[in-house]
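In: Build me a model:
(2 chains)
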There are 2 protein chains.
Amino acid sequence: MSAEAAKKAGAVVIAILNDISAPLADLADIVIPLHAGPETSVAATKSYIATLSALVHLTAAWSGDADLLSAHAALPEILSRAWQADWSAGIDMYRDAVSMFVLGRGLTLGIAQEAALKFKETCSLHAEAFSAAEVAHGPMTLVKSGFPLLVLPPQDIAARGIDTIVESFAMRGAKIAIAGKSAFGQELPLQSDLDPALAPIAMIQSFYRLVNALSVARGFDPDRPAHLNKVTKTQ
Amino acid sequence: MSAEAAKKAGAVVIAILNDISAPLADLADIVIPLHAGPETSVAATKSYIATLSALVHLTAAWSGDADLLSAHAALPEILSRAWQADWSAGIDMYRDAVSMFVLGRGLTLGIAQEAALKFKETCSLHAEAFSAAEVAHGPMTLVKSGFPLLVLPPQDIAARGIDTIVESFAMRGAKIAIAGKSAFGQELPLQSDLDPALAPIAMIQSFYRLVNALSVARGFDPDRPAHLNKVTKTQ
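Out: Prediction:
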């Protein structure tokens, strides 16, 4: 196990765990509990959001960032509002898609990868995540008229240049949905003035409601992805 | 530029360069020239292979691995033979594909990513690379009857478990081509007894010939990928 190898090599191991009775808890120097309750879904969602929250909390406390700490305290309300945000425009847009891209950058690259994985698992849709800074290096050859994209723009300086990319894809006739305000593509509502470290958590929450509805619209059961088990074993 | 930032932070910067008049050469502490001649293709291939060769050469020299050094000296002959290897079975298999996976692991993960990029750039085919150790975590939901895969097995201990994955995909009716000997799927010829560090270079060489032919078979010009320029600018 790689945590074991890291520990043996003298590293400090911090484990972010939902189930603190897991063997990893004994091995770790520091355990950060998620308190999300049993995760019974194969396509885990609440433990993913709780992990992002724990990472922001840890970062804010570690760096003594009082603003971020107090912004983090408002996360329950932010998550409630994000669940109410209407992203259902994405259902029609992606209902018949076979292949698509999810774009993020910086703090939203991780949720772009999570969204791509959930499109695969629950909708049998081949979505691949890219950094908006990298997609111009080859992958964008695939972006033609009708090609679907979901864009999750970071809410800080890393957003620089995303508009140019999105505009060029819109000019080719790509089908674009984008979180927040945009001159190009279908806007998906996003609360304004969110801390850039919390905005990705709000986006993935709104996305989860969309992808659940999309899975059903495509004829799948989002709680029972084909071929998947809760636990996998790597040889 | 990230090399500049690394240099300022006190790192030793080693630049592997084809054009040693590039500004990066002035910044680097050590320059490793590729001597591949001008790379005029947008979808670079010879500079990619020359880079892998340079990395093996550097690793062998640095670690004083005499066996690897002498194996590396045979690379020109290995590359000639790899160019002659007949991978054309992949043309029919992938001619009409929209979406597919390329699997590698360990030393072949890098070439799996390179192959996926070339499928995108030159064939407008949405290929995504995965480690065979990771594909079971969600992505394999997409692998159904008729789903195309290219498998590039590492020639060392990292190959452990790949047969099990490939067999399970074959049982679902996936269309599988695989480099080297295999009980499942279409075999693509691979020289036997290659050093595990050189086998990926032979595979990507054989792949380049296949992907060039596939690009033409799908009606594209592999030297002129849609929407791409030789140089991209990141804001």
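In: Which parts of chain A are strands?
Out: For chain A, strands defined by DSSP state E occupy the ranges A:14-17, A:30-33, A:99-104, A:126-131, A:148-151, A:175-179, A:186-188.
In: any idea which of those strands is most buried?
Out: Mean neighbour count (mean count of other CB atoms under 10 Å in any protein chain shown) peaks for strand A:148-151 among those, with a mean of 26. From N, CA and C alone the C-beta is placed, and that goes for glycine too.
In: is that one anywhere near chain B?
Out: No: Strand A:148-151 lies out of reach of chain B by CB under 8 Å from any CB of the partner chain, never closer than 11.4 Å.
In: and that strand, average pLDDT?
Out: For strand A:148-151, the mean per-residue pLDDT is 98.
In: so where's chain A shaky on pLDDT?
Out: Confidence mapping of chain A against pLDDT under 70 gives the ranges A:1, A:229-235.
In: ok so, going back, who wins for proximity to residue B:27 among the strands of chain A?
Out: Distance to residue B:27, taken as CB to CB, is lowest for strand A:126-131 among the strands of chain A, at 23.5 Å.
In: Flag every residue of chain A that's near chain B.
Out: Residues of chain A lying near chain B (CB under 8 Å from any CB): A:43, A:98-99, A:117, A:120-121, A:124, A:126, A:128, A:133, A:136-144, A:160-161, A:164, A:172, A:225-228, A:232, A:234-235.
In: One more pass at 6 Å, please.
Out: A:98-99, A:117, A:120-121, A:126, A:128, A:133, A:136-142, A:160-161, A:225-227, A:232, A:234-235 (CB under 6 Å from any CB of the partner chain).
In: Let's see the PyMOL selection covering just the buried ones among these.
Out: Of the residues of chain A next to chain B, the buried ones go into a single PyMOL selection, burial set by 16 or more other CB atoms under 10 Å in any protein chain shown:
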select buried, chain A and resi 99+117+120+121+126+128+133+136+138+139+140+141+142+225
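In: List the contacts of residue A:30.
Out: For residue A:30, the contacting residues are residue A:14, by CB atoms under 6 Å, 6 or more residues apart in numbering or on different chains.
In: separation between it and residue A:22?
Out: 14 Å (CB to CB, to the nearest Å).
In: quick one: which of the strands of chain A is nearest residue B:113?
Out: strand A:126-131 (11.7 Å).
In: That closest one pairs with which strands?
Out: Paired neighbours of strand A:126-131 in the sheet (DSSP bridges): strand A:99-104 (parallel).
In: Grab the CA positions of the strand it pairs with and hand them over as CSV.
Out: Extracted C-alpha coordinates of strand A:99-104, given in CSV (Å, rounded to 0.1, in the frame of the first residue of the first chain):
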residue,chain,number,x,y,z
SER,A,99,-18.3,11.8,-26.0
MET,A,100,-17.6,15.2,-24.4
PHE,A,101,-15.0,17.3,-22.5
VAL,A,102,-15.2,18.9,-19.0
LEU,A,103,-12.9,21.9,-18.6
GLY,A,104,-11.6,23.4,-15.4
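In: how far off strand A:175-179 does it point, in degrees?
Out: With axes from the mean of the first three to the mean of the last three CA atoms, to 10 degrees defining the directions, strand A:99-104 sits at 30 degrees from strand A:175-179.
In: which other residues reach strand A:99-104?
Out: With CB under 6 Å, 6+ apart, strand A:99-104 has contacts from A:112, A:115-116, A:126-130, A:132, A:148-152, B:98-99, B:126.
In: I'd like to know how far the residue positioned nearest the centre of chain A sits from chain B.
Out: Central residue of chain A (CA atoms, centre = their mean): residue A:111, 2.1 Å from the mean position. To chain B, residue A:111 is 15 Å away according to CB to the nearest CB, to the nearest Å.
In: quick one: residue A:54 from residue A:17, how far?
Out: Counting by CB to CB - residue A:54 and residue A:17 are separated by 10 Å.
In: Same question for residue A:185.
Out: Distance from residue A:185 to residue A:17, counting by CB to CB: 38 Å.
In: do the same with residue A:86
Out: Residue A:86 is 34 Å from residue A:17, by CB to CB.
In: Same check on residue A:117?
Out: Taken as CB to CB, the span from residue A:117 to residue A:17 is 20 Å.
In: can you check residue A:183 too?
Out: From residue A:183 to residue A:17 the distance is 43 Å (CB to CB).
In: Likewise for residue A:170?
Out: Residue A:170 sits 43 Å away from residue A:17, going by CB to CB.
In: Residue A:220: what's it in contact with?
Out: Listed by CB under 6 Å, 6+ apart, residue A:220 has no contact partners.
In: Hmm, I typed the wrong one, I wanted residue A:106.
Out: Residue A:106 makes contacts with A:154, A:158, as judged by CB under 6 Å, 6+ apart.
In: Now with 10 Å, please.
Out: A:131-133, A:153-160, A:196, A:200 (CB atoms under 10 Å, 6 or more residues apart in numbering or on different chains).
In: now do residue A:55
Out: Per CB under 10 Å, 6+ apart, neighbours of residue A:55: A:16, A:32, A:110, A:197, A:201.
In: Closest one of the residues you listed to chain B?
Out: Distance to chain B across those (CB to the nearest CB) is lowest for residue A:110, with 15.0 Å.
In: Can you give me the distance of that closest one to residue A:52?
Out: Residue A:110 sits 8 Å away from residue A:52 when distances are taken as CB to CB.
In: do the same with residue A:177
Out: Applying CB to CB, the value for residue A:177 to residue A:52 is 21 Å.
In: Check residue A:223 too.
Out: Distance from residue A:223 to residue A:52, by CB to CB: 22 Å.
In: More neighbours: the two, which one.
Out: residue A:52 (21 against 12; other CB atoms under 10 Å in any protein chain shown).
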